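[1] Could you look at this predicted model? Sequence included:
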Amino acid sequence: MSRSERRLKAQTSLEVLFILAIILGGVVFTMRIYIKQNSDTLLIAGVRDASSRAAAYISTGVEVDGSVYAPLNEVMENYTGFKPVSFRFAGLKTQLETEGKVVLLIKFEHDLYLSEGENEKIAGAIGEFMVDYLDLSRDFTLRDGKLYQGGREVEFNVTVNGDWVVVP
């Protein structure tokens, strides 16, 4: 094999390695974006599920034993009288998102005639339920009284008929 043939093979090999590096770099970049979007989707889906579950539980007025449902049972004991009421999950919105923290606004509405203080107590109870419920999920963890998902702290601002409470 002549010297020029070896040089051509070496050049071709380097070109192939360069092309492979570009392809692998694109795959890594794309996967990173996909994983972040997947994590965001899991966060929203989990919080939406917990919110819908809380609203449906309070709406039906049927008490279930279980430590996770204890805050919602208190709501029914003190405010709804275990009667079916119109209590609904009205929406979810991201208020703040940084690399290490996500703050979500979660809205609930009802047809009860309650004071601002009573709505705030209901908001706090719903937030407590949501933290406990999401802690049971494999996607969320509770550490030092704070909820985390995918390495980010998750905080809720729960509003009930416009009156709100921050739930760490």
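    Yep, it's here.
[2] Tell me who's in contact with Thr141.
    Listed by Cβ atoms under 8 Å, 6 or more residues apart in numbering, the contact set of Thr141 reads Asp135, Leu147, Tyr148, Gln149. C-beta: built from backbone N, CA, C; applies to glycine.
[3] 7 Å instead, please
    Going by Cβ atoms under 7 Å, 6 or more residues apart in numbering, Thr141 touches Asp135, Tyr148.
[4] Direction included, what does the host helix or strand of it pair against?
    In this structure, Thr141 sits in strand 140-143 according to DSSP states H and E. Under the criterion DSSP bridges, strand 140-143 sits next to strand 146-149 (antiparallel) in its sheet.
[5] for the next helix or strand after the partner strand, packing partners?
    The helix or strand immediately downstream of strand 146-149 is strand 152-160, counting by DSSP H and E. Judged by 3 or more Cβ pairs under 7 Å, 6 or more residues apart in numbering; DSSP states H and E, the packing partners of strand 152-160 are strand 101-110, helix 116-135, strand 146-149, strand 163-167.
[6] what about the strand holding Thr141, average pLDDT?
    Average pLDDT, strand 140-143: 92.
[7] how about the helices and strands packed on strand 152-160, which one is nearest Tyr79?
    Closest of the helices and strands packed on strand 152-160 to Tyr79 is helix 116-135, at 6.3 Å (criterion: Cβ to Cβ).
[8] Chain neighbours aside, what residue packs nearest to the residue nearest the centre of the chain?
    In the chain, the residue lying closest to the centroid (Cα atoms, centre = their mean) is Leu43, at 2.8 Å. The shortest distance from Leu43 to any non-neighbouring residue, by Cβ to Cβ, 6 or more residues apart in numbering, is to Gln149 (5.1 Å).
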